[in-house]
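Colleague: Next comes the sequence, and after it the predicted model I'd like to discuss.
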Amino acid sequence: MSSQNFDGDRGGGAGQLGPGSVRDVPPPPGEQIPLPEGLDYDKLPEAVREELEGSDPEVIDIRSGAAGSGVNRCPKCGASETKPLSSGELMCMFCRHKWTTERVEEKYGLGEGIDKLVGIVRGAGAADIEDAGDSAHIVTFKCIGCGAEVAINTENSMSARCHWCRHVLSVNEQIANGAVPDAVLPFRISKEDAIRRIRQFAGRRSFFALKAFKKEFTPENVLGVFLPYMIVDANAAAEVQGEGEIETASYTEGEGNNKTTYYDADVYAVERKVKFLVDDLPIEASSQRSNFDRKANTNNIINTILPFDTENAVAWDASYLAGYSSEKRDLNIDGMMPVLEDQLLSIARSEVLHTLREYDRGVRWDREHLDLKGSRWVVMYLPVWLYSYHQKKGRERGLLHYIAVNGRTGETMGSIPIQTWKLLLAALTLGTVLEGAAIWLIAMFGG
């Protein structure tokens with residue numbers, strides 16, 4: 001009777017592992033498990049590749065120099081009270097010195113090596129959020145100025161002043177409740193400029209606006225808020241399969257208003273494969289903002305003010321939040337992966353469009369497959385000026401309208417409550433009864 005030893009090939013001598021043997025020590029985070037000689041990584045089944053890439057993600061430690069001390073100091077006089085400027089600089093409130101923080105893309109090479117990405121690489125701020133109960137948002141610092149303990153409620157603020165020596169303490173280290181990102185993109189558009197843009201946006205639509213909205217419209221109530229996003233780089237490939245049609249003939253039958261046009265077309269099986277790289281794809285990291293419930297809010301308008309110049313973001317420094325509010329990230333990478341994959345497939349379809357021009361009757365994709373070889377995730381606060389208005393609808397919960405201004409480019413988009421009868425009247429005046437009815441139905445039932 002013969003027997004087989006499944007503990008690994010020891011033919012090379014005691015203690016020497018043979019090809020493909022299990023290693024006792026896992027590879028460093030982010031490093032691909034070494035393959036036996038003769039095996040081509042790219043030709044392995046996807047499930048096997050995913051298992052090989054299953055080590056802990058490689059972590060990029062992106063932090064300001066103040067991490068650990070809780071104090072962001074002026075590099076000239078050492079004072080801890082600073083103010084963000086629209087130029088992207090920080091200004092000391094004592095000596096008036098101005099300085100800039102180094103861009104994370106340059107310092108950490110976040111725009112490089114996308115084609116080499118394998119598995120998941122993430123910033124320290126993109127770690128999974130831990131649920132530690134109601135106390136998760138309370139952070140306590142020992143003031144390095146006088147030794148007093150100061151508590152900061154990260155639900156409301158990322159900094160607090162020591163009640164004894166007046167030092168300003170800030171949350172700079174990563175904490176497990178999602179309050180601290182990897183990077184922040186400072187505001188460039190001032191509040192006055194945002195108010196002007198919001199007033200202009202609403203003014204152009206005032207004819208159709210509800211009377212209550214026009215009466216209660218106060219753009220001065222606009223708030224500057226930092227919204228959490230995952231900024232993702234991706235090294236991907238995709239394969240799409242379907243059917244394409246090329247028109248061969250067309251003919252019309254009938255007379256007068258009873259004419260019908262018919263088309264003849266040849267149908268072909270179509271398959272495309274594409275490799276592509278994605279740099280700085282923004283994905284909402286807040287479940288509240290990614291909830292596109294058209295019956296409750298107009299969150300979707302925030303995506304219409306993209307893009308942001310994320311390449312100009314700086315390492316996280318709570319000083320940039322002075323005078324602004326912020327929302328915490330509450331979504332983890334695993335929960336956001338389906339959103340990323342959906343967007344990457346959309347990009348893949350767009351990438352192959354130029355190869356489909358001969359199919360003049362169009363192409364319908366029936367099967368799609370994405371191979372995400374590697375991705376890099378960095379949490380970033382993006383600046384938005386936000387004006388909100390709650391439209392009451394009888395006993396219903398109503399609809400929350402937003403007008404948003406990109407805090408960097410000034411791009412403005414929004415939603416205002418309208419008088420549907422005025423919209424219907426305008427459509428009837430300019431078009432047909434059918435067009436007017438369609439617009440009315442959309443306004444009433446389409447959100």
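Modeller: Everything's here; your move.
Colleague: Give the full set of residues in contact with Arg197.
Modeller: 189, 405, 410, 412 (Cβ atoms under 8 Å, 6 or more residues apart in numbering). C-beta coordinates here come from the backbone N, C-alpha and C atoms, glycine included.
Colleague: now do Cys77
Modeller: Contact analysis of Cys77 by Cβ under 8 Å, 6+ apart lists 92, 94-95, 97.
Colleague: Could you dump the contacts of Arg197 into CSV with neighbour count, pLDDT and distance to Ile195 added?
Modeller: CSV is the format used below for the contacts of Arg197 (neighbours: other Cβ atoms under 10 Å; pLDDT from 0 to 100; distance: Cβ to Cβ, whole Å):
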residue, neighbour count, pLDDT, distance to Ile195
Ile189, 22, 96, 10
Val405, 28, 96, 9
Gly410, 15, 96, 12
Thr412, 22, 95, 11
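Colleague: Kindly indicate which of the residues you listed lies nearest Leu169.
Modeller: Ile189 (28.6 Å; Cβ to Cβ).
Colleague: I'd say that closest one and Gly407 touch.
Modeller: Yes: with contact defined as Cβ atoms under 8 Å, Ile189 counts as touching Gly407 (5.2 Å).
Colleague: intersection of neighbour lists for these two?
Modeller: Common neighbours of Ile189 and Gly407 (Cβ under 8 Å, 6+ apart) are 383, 385.
Colleague: Parallel or antiparallel, list what pairs with the strand ranked longest in the chain.
Modeller: Longest among the strand segments of the chain by residue count, using DSSP state E, is strand 223-253. Sheet pairing of strand 223-253 (DSSP bridges) gives strand 260-284 (antiparallel), strand 325-326 (parallel), strand 363-391 (antiparallel).
Colleague: Model confidence for the residue most central in space within the chain, exactly?
Modeller: What sits nearest the mean C-alpha location of the chain, by Cα atoms, centre = their mean, is Ile283, with 2.0 Å. Note on Ile283: pLDDT of 95.
Colleague: my guess is it contacts Gly335, does it?
Modeller: No: shown here, Ile283 and Gly335 do not form a contact pair, counting by Cβ under 8 Å, at 10.7 Å.
Colleague: quick one, helices of the stretch 51-200 of the chain?
Modeller: For the stretch 51-200 of the chain, helices defined by DSSP state H, counting those that start in this stretch occupy the ranges 104-108, 191-203.
Colleague: so who does the residue nearest to Pro307 when sequence neighbours are not counted touch?
Modeller: Leaving aside its sequence neighbours, Pro307 sits nearest to Pro282 (Cβ to Cβ, 6 or more residues apart in numbering; 7.4 Å). Each residue near Pro282 by Cβ under 8 Å, 6+ apart is listed here: 229-232, 306-308, 310, 380, 382.
Colleague: and what of Ala265?
Modeller: Neighbour list for Ala265: 245-248, 361 [criterion: Cβ under 8 Å, 6+ apart].
Colleague: Which of the helices of the stretch 51-200 of the chain has the lowest mean pLDDT?
Modeller: When the helices of the stretch 51-200 of the chain are compared by mean pLDDT, helix 104-108 comes last with a mean of 88.
Colleague: returning to what we had before: please convert the contacts of Arg197 to CSV, extending it with distance to Lys273.
Modeller: Formatted as CSV, these follow (distance: Cβ to Cβ, whole Å):
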residue, distance to Lys273
Ile189, 42
Val405, 41
Gly410, 40
Thr412, 40
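Colleague: wait, which of those residues is closest to Asn221?
Modeller: Closest to Asn221, out of all of the contacts of Arg197 and judged by Cβ to Cβ, is Val405, at 13.3 Å.
Colleague: Distance check, the closest one against Lys191.
Modeller: 10 Å (Cβ to Cβ, to the nearest Å).
Colleague: Could you tell me which residues touch both of these two?
Modeller: 222, 385.
Colleague: returning to what we had before: buried subset of the contacts of Cys77?
Modeller: 92, 97 (16 or more other Cβ atoms under 10 Å).
Colleague: Which pair in the contacts of Cys77 has the greatest spatial separation?
Modeller: Most distant of these, by Cβ to Cβ, are Phe94 and His97, 8.5 Å apart.
Colleague: who touches both of those two?
Modeller: What both Phe94 and His97 touch, as defined by Cβ under 8 Å, 6+ apart, is the set 74, 77.
Colleague: How is this structure partitioned into domains?
Modeller: 41-184, 191-311+323-445 (automatic domain parsing).
Colleague: Ok, which of those domains comes nearest Asp317?
Modeller: domain 41-184 (4.5 Å).
Colleague: gap between that closest one and the chain center?
Modeller: 18 Å (Cα atoms, centre = their mean, to the nearest Å).
Colleague: Next: stretch 246-261.
Modeller: Chain-centre distance of stretch 246-261: 47 Å, with Cα atoms, centre = their mean.
Colleague: wait, isn't His97 in contact with Lys76?
Modeller: Yes: under the criterion of Cβ under 8 Å, His97 makes contact with Lys76 at 4.1 Å.
Colleague: And the strands in the stretch 51-200 of the chain?
Modeller: For the stretch 51-200 of the chain, the strands defined by DSSP state E, counting those that start in this stretch cover 58-60, 82-84, 90-92, 98-99, 119-123, 138-142, 149-153, 159-161, 168-170, 183-184.
Colleague: and the second one, what does it pack onto?
Modeller: Looking back up the chat, that one is strand 82-84. On a contact count with 3 or more Cβ pairs under 8 Å, 6 or more residues apart in numbering; DSSP states H and E, strand 82-84 meets strand 90-92.
Colleague: contacting residues for the residue nearest to Thr101 when sequence neighbours are not counted?
Modeller: Nearest non-adjacent residue to Thr101, counting by Cβ to Cβ, 6+ apart: Val314, 3.9 Å away. By Cβ under 8 Å, 6+ apart, the residues touching Val314 are 88, 100-104, 183-186, 320.
Colleague: Output the residues you listed in TSV, with distance to Val225 and neighbour count appended to each entry.
Modeller: Converted to TSV, these look like this (distance: Cβ to Cβ, whole Å; neighbours: other Cβ atoms under 10 Å):
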residue	distance to Val225	neighbour count
Gly88	18	18
Thr100	23	12
Thr101	20	22
Glu102	25	11
Arg103	22	18
Val104	21	27
Ala183	17	26
Val184	12	26
Leu185	13	25
Pro186	13	26
Tyr320	13	27
